[in-house]
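[1] Sequence first, predicted coordinates after that:
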Amino acid sequence: MGVTEYFELEAHDTDVGTETIAGVTTFLAMSYIILVNPFILANAIDVPGYDLVPTVQMIAIATILASAVAIFVMAFYANRPFGLAPGMGLNAFFAFTVVLGMGVPWQTALAAVFVEGVIFIAITAIGAREAIIRLFPEPVKFAVGAGIGIFLLFIGLQEMAIVTADPATMVALGPIAQSPAALIALAGLLLTLMLWARGVTGAIILGIVATTAMGWLAYLANLAAPAEILPEALLNEETGELSFAVVTSPQYDITPLVGAFVEGLRDVDPVTFALVVFTFFFVDFFDTAGTLIGVSQFGGFLDEEGNLPEMDKPLMADAVGTTFGAMVGTSTVTTYIESSTGVEEGGRTGLTALVVGVLFLVSLVAIPLIAMIPAYASFIALVVVGIIMLQGVLDIDWHDPAWAVSGGLTITVMPLTYSIANGLAAGIIAYPLIKAATGDFEDVSPGQWVIAAALVGYFYVYTSGMLG
C-alpha cells in the first residue's frame, strides 16, 4: 500500500506535496519547544553529576523523543495532521509550582505525569474521554477556535516584543523603535501576511526563513548587538558573543533521566501526589480537548454537531506521548495549537504529522540549524494563524444569551489567564447557569451539570493556594 492510499490523501482532497509543506510548517512553528522546554525544566531537574548545559541537552533529547513517539501515533493510528510535544504551561507548572513551589522531588513529579498518562490511556481506550468532550456545550466548541486565535496572537506578539508588560495597564505597546528584534519581527510579520494574502504556498515558512535571514544579516552588518537579534542559546553568557558550545558537543546519554519516575514512586505523600496528578490531569485534559476542537474546527474536521469523528484516536496519541515522555524525563505531552499553521497550509491527514515527527527526529543531529532560528521569527506563525482563526466567531449565535456568555467567556478567558483550559472551563460552567436563568432547563444534559460542578471544584483548588 502506497502513501497516498494509506493516508487516504485523495479522500481528503490533498497530495504528498501539500502534506509535506504543511508538516514542515507545523514543525517550524513548534520547533522552539526543543530549546524552550529543556531550559524551563532544567530549573527543577537537578541531575547529580551534571551541570546546566548537559542537563538541558538531555532534556532536549527527551523532548524530541517524546514528541516523535506521540506524533507517530497521531500519524499512523489517528491519521490526523496534528503535532504534539511537551506542553507550554504544563512544563512551567511542573518546574515552578510542583517542584520548586511545593518542594516535590522532580522524580516524583515525573511519576505524577506517568500516572496521568496511564489514566489517560485507560479512559481513552474505553471511550470515556471522548464521551466527556462530546458533552461540551455547542457554543464552547465553536468558540474554541477564536479563543485559541486570540491566545496565539497574544503569545506571538509578546514573544516578538511588540506587546510588553506594563505595571499600570498590565500590557502595552512595546518600545518597538528601540528594539532591533521587534523591528525585524514586525517586518517579517508584515511580509508573511502579505505573502499569505496573495495566496503564496508556504507563506509562513517563507516568512520565518526571511525573518531569520534578516536577523543574521543585521548581525553581520553590525546593525545590532548579537544579544539583541540572535538566539540566546548561541550566545556565551559571559561575553555575549557567538558560541556553539551548547550544540557542538551534545550530551546524548539520557540514562540519568530514563526511568527516574520509578524512583519518584517511592515514599510519596499520597495526598500531595494525588493533588499533583489531579491538576496535571485536568489541565492536560482540557488543553488537549480545546486544541483538538479548535484546530479541527479551523480545518473543517468537525461534524454538524461540532464533534470530531473518532476523537479517541488523536486523544490516544497524547496519552501515549505523556506516558512515554515521563519515562524518558519530560513533562506532559499535549496536542499543539501550532498545528493550526500546518492546517492553514493544507495539511489534512496523518502524513502531515508524519513529516513533523520525522523532522523532530532529524533535529537530533540538526540542532545547530534549529538553534539559528530566533524566537521572534518562529512566533510569527502564531500571529498569522491567530488572525486567521478569528473567523470562528462567525459560528456563534450571539443573539442567544447562553451562546453569547458561554462563547464570549471561552474566547476571552483563554488569553487573559494564559490558559486554554481555563477558557474552556469558564464557558462550560457558564452555559448551564445561563440556560437555567432563561428557563431552558431541557437544553442542558445531566452530564453538562456534572462537568460544570467538577470544574467549579477545580477552580477552587487552583485558586485557593492549595497548590502552593
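    Received it, and whenever you're ready, just let me know what you need.

[2] show me where pLDDT drops low in the stretch 301-450 of the chain?
    Along the stretch 301-450 of the chain, the parts satisfying pLDDT under 70 run over 367-368, 370-371.

[3] Please enumerate the strands of it.
    Under the criterion DSSP state E, counting those that start in this stretch, the stretch 301-450 of the chain contains strands at 333-335.

[4] what are the ranges of the helices in it?
    Assigned by DSSP state H, counting those that start in this stretch, the helices in the stretch 301-450 of the chain fall at 312-328, 339-344, 350-362, 367-371, 375-378, 380-389, 401-417, 420-437, 446-463.

[5] Leaving out the residues flanking it, which one is nearest to the most centrally placed residue in the chain?
    Of all residues in the chain, the one closest to the mean position by CA atoms, centre = their mean is residue 336, 3.5 Å from it. Distances taken as CB to CB, 6 or more residues apart in numbering place residue 83 nearest to residue 336, at 4.9 Å, with adjacent residues excluded. The way it works is simple: take the backbone N, C-alpha and C, and place the C-beta from them, glycine included.

[6] Now do the contacts for the one you found.
    By CB atoms under 8 Å, 6 or more residues apart in numbering, the contact list for residue 83 reads 26-27, 30, 67, 71, 74, 335-336, 338-339, 342, 353, 356.

[7] what's the closest of those to residue 183?
    Proximity of the contacts of residue 83 to residue 183 (CB to CB) peaks at residue 338, which lies at 24.1 Å.

[8] What residues does that closest one make contact with?
    26, 29-30, 83, 381-382, 385.

[9] Now distance to residue 299 too, for those residues, in TSV please.
    Formatted as TSV, the contacts of residue 338 follow (distance: CB to CB, whole Å):
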residue	distance to residue 299
26	12
29	15
30	16
83	13
381	16
382	17
385	12
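
[10] From those residues, pick the one nearest residue 320.
    residue 83 (14.5 Å).

[11] Which stretches in the stretch 101-250 of the chain count as helices?
    Secondary structure of the stretch 101-250 of the chain (DSSP H, counting those that start in this stretch): helices at 106-125, 128-134, 138-159, 180-197, 203-220, 226-229, 245-248.

[12] tell me the most buried of those helices?
    helix 138-159 (a mean of 25; mean count of other CB atoms under 10 Å).

[13] average model confidence for that helix?
    The pLDDT scores in helix 138-159 average 87.

[14] How about stretch 105-122?
    Computed over stretch 105-122, the mean pLDDT rounds to 94.

[15] How about stretch 51-66?
    The average pLDDT within stretch 51-66 is 87.

[16] Tell me which residues of that stretch come out buried.
    Neighbour-count burial for stretch 51-66, counted by 16 or more other CB atoms under 10 Å, picks out 53-66.

[17] Could you dump these into a markdown table with distance to residue 431 added?
    Shown next, in a markdown table, are the buried residues of stretch 51-66 (distance: CB to CB, whole Å):
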| residue | distance to residue 431 |
| --- | --- |
| 53 | 49 |
| 54 | 49 |
| 55 | 45 |
| 56 | 43 |
| 57 | 46 |
| 58 | 44 |
| 59 | 40 |
| 60 | 41 |
| 61 | 43 |
| 62 | 39 |
| 63 | 36 |
| 64 | 39 |
| 65 | 40 |
| 66 | 35 |
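
[18] any idea which of the residues you listed is closest to residue 21?
    Using CB to CB, residue 64 comes nearest to residue 21 of the buried residues of stretch 51-66, at 21.7 Å.

[19] residue contacts, the spatially closest residue to that closest one that is not a sequence neighbour?
    Nearest non-adjacent residue to residue 64, counting by CB to CB, 6+ apart: residue 360, 5.2 Å away. Residues near residue 360 by CB under 8 Å, 6+ apart: 27, 34, 64, 67-68, 71, 85.

[20] Pick out the most distant pair among these.
    The span of those, defined through CB to CB, is set by 34 and 71 at 13.1 Å.

[21] Tell me which of those two has more neighbours.
    Each of residue 34 and residue 71 has its neighbours counted (other CB atoms under 10 Å); residue 71 has more, 34 against 24.

[22] ok, the more buried one to residue 23 distance?
    To residue 23, residue 71 is 10 Å away according to CB to CB, to the nearest Å.

[23] For the two, list the residues in contact with both.
    Residues touching both residue 71 and residue 23 by CB under 8 Å, 6+ apart: 353-354, 356.

[24] circling back to that earlier point, may I see the helices of the stretch 101-250 of the chain arranged in a markdown table, with distance to residue 92 as well?
    Compiled in a markdown table, the helices of the stretch 101-250 of the chain are given as follows (distance: least, CB to CB, whole Å):
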| stretch | distance to residue 92 |
| --- | --- |
| helix 106-125 | 12 |
| helix 128-134 | 24 |
| helix 138-159 | 13 |
| helix 180-197 | 23 |
| helix 203-220 | 24 |
| helix 226-229 | 24 |
| helix 245-248 | 21 |
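
[25] which stretch among the ones you listed comes nearest residue 301?
    helix 138-159 (11.4 Å).

[26] what helices or strands is the closest one leaning on?
    When contacts are defined as 3 or more CB pairs under 8 Å, 6 or more residues apart in numbering; DSSP states H and E, helix 138-159 sits against strand 163-166, helix 270-299, helix 380-389, helix 401-417, helix 420-437.

[27] possible to save those as a markdown table with mean neighbour count and distance to residue 457?
    Below are the helices and strands packed on helix 138-159 laid out as a markdown table (neighbours: other CB atoms under 10 Å; distance: least, CB to CB, whole Å):
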| stretch | mean neighbour count | distance to residue 457 |
| --- | --- | --- |
| strand 163-166 | 14 | 31 |
| helix 270-299 | 22 | 10 |
| helix 380-389 | 25 | 30 |
| helix 401-417 | 22 | 17 |
| helix 420-437 | 24 | 11 |
